Every structure is written in C-alpha cells, then in structure tokens.
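[1] got a sequence here, can you build the structure:
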Amino acid sequence: MCLSNVYRASDRELIMELAAQIRSENGYVTVRDLFGAAKRIPGSVASVDLENNIVLINTQEEAPAVEQ
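    From the prediction side, this is the model:
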C-alpha cells in the first residue's frame with residue numbers, strides 16, 4: 001500500500017498524513033486518508049514524490065482547507 005503525506009508547497013505545512021487518494025478538479029485538490037476523512041483545498045498539485053511518499057500542493061492562501 002502506498003500512502004503519502006500531503007504538504008503545502010510554500011512552507012511545507014502538513015495538510016494530511018497517510019493520504020490514500022488525491023483528486024484535482026476545478027481549482028481544488030481533495031485529499032482523502034485511509035479511513036475516509038477528506039479535506040478540500042483550493043489550489044493545485046505542485047509535485048508528487050512517490051519514492052519518499054510526499055505530495056506538495058500549491059495553495060491559495062486566503063482560503064483555508066475544508067473538512068468534508
């Protein structure tokens with residue numbers, strides 16, 4: 001199983017640990033963990049490092065992540 005930690009690209013602030021699913025649509029990135037908890041972040045995927053299990057998200061700073 002390949003789970004990744006998701007961070008904000010600008011300052012490496014942790015957004016979610018052990019993300020199992022990442023979807024980018026209409027200017028938002030939705031990350032969901034192994035247990036189904038999700039966050040919807042306005043922004044875009046900056047990079048994905050599969051070797052180190054790290055995903056960086058370019059965020060729009062004025063809008064906070066929304067728990068779903």
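[2] count of neighbours near Met16?
    22 (other CB atoms under 10 Å). For glycine as for every other residue, the C-beta is placed from the backbone atoms N, C-alpha and C.
[3] now do the one 5 residues further on
    Burial of Gln21 is recorded as 12 neighbouring residues (other CB under 10 Å).
[4] show me what contacts it?
    Counting by CB atoms under 8 Å, 6 or more residues apart in numbering, Gln21 makes contact with 30-32.
[5] again, only using 10 Å
    Applying CB atoms under 10 Å, 6 or more residues apart in numbering, we find Gln21 in contact with 3, 30-34, 36, 38.
[6] pairing partners for it in the sheet, please.
    Arg32 (DSSP bridges).
[7] measure it to Ser10 for me?
    23 Å (CB to CB, to the nearest Å).
[8] pLDDT of the host helix or strand of Tyr7, averaged?
    Using DSSP states H and E, Tyr7 falls within strand 4-8. When pLDDT is averaged over strand 4-8, the result is 97.
[9] one more: stretch 39-50?
    Here the average pLDDT along stretch 39-50 is 96.
[10] also stretch 20-34?
    Rounded mean pLDDT across stretch 20-34 is 96.
[11] restrict that stretch to CA atoms and write it as PDB.
    Output of stretch 20-34 as PDB, limited to C-alpha atoms (Å, rounded to 0.1, in the frame of the first residue of the first chain):
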ATOM      1  CA  ALA A  20      -4.700   7.300   0.200                       C
ATOM      2  CA  GLN A  21      -6.400   9.300  -2.600                       C
ATOM      3  CA  ILE A  22      -5.700  12.700  -4.200                       C
ATOM      4  CA  ARG A  23      -8.000  14.300  -6.800                       C
ATOM      5  CA  SER A  24      -7.600  17.600  -8.500                       C
ATOM      6  CA  GLU A  25     -10.700  19.300 -10.100                       C
ATOM      7  CA  ASN A  26     -11.900  22.800 -10.900                       C
ATOM      8  CA  GLY A  27      -9.200  24.600  -8.900                       C
ATOM      9  CA  TYR A  28      -9.400  22.400  -5.800                       C
ATOM     10  CA  VAL A  29      -7.400  19.400  -4.500                       C
ATOM     11  CA  THR A  30      -9.300  16.900  -2.500                       C
ATOM     12  CA  VAL A  31      -7.200  14.500  -0.300                       C
ATOM     13  CA  ARG A  32      -8.700  11.500   1.500                       C
ATOM     14  CA  ASP A  33      -7.000   9.400   4.100                       C
ATOM     15  CA  LEU A  34      -7.200   5.600   4.600                       C
END
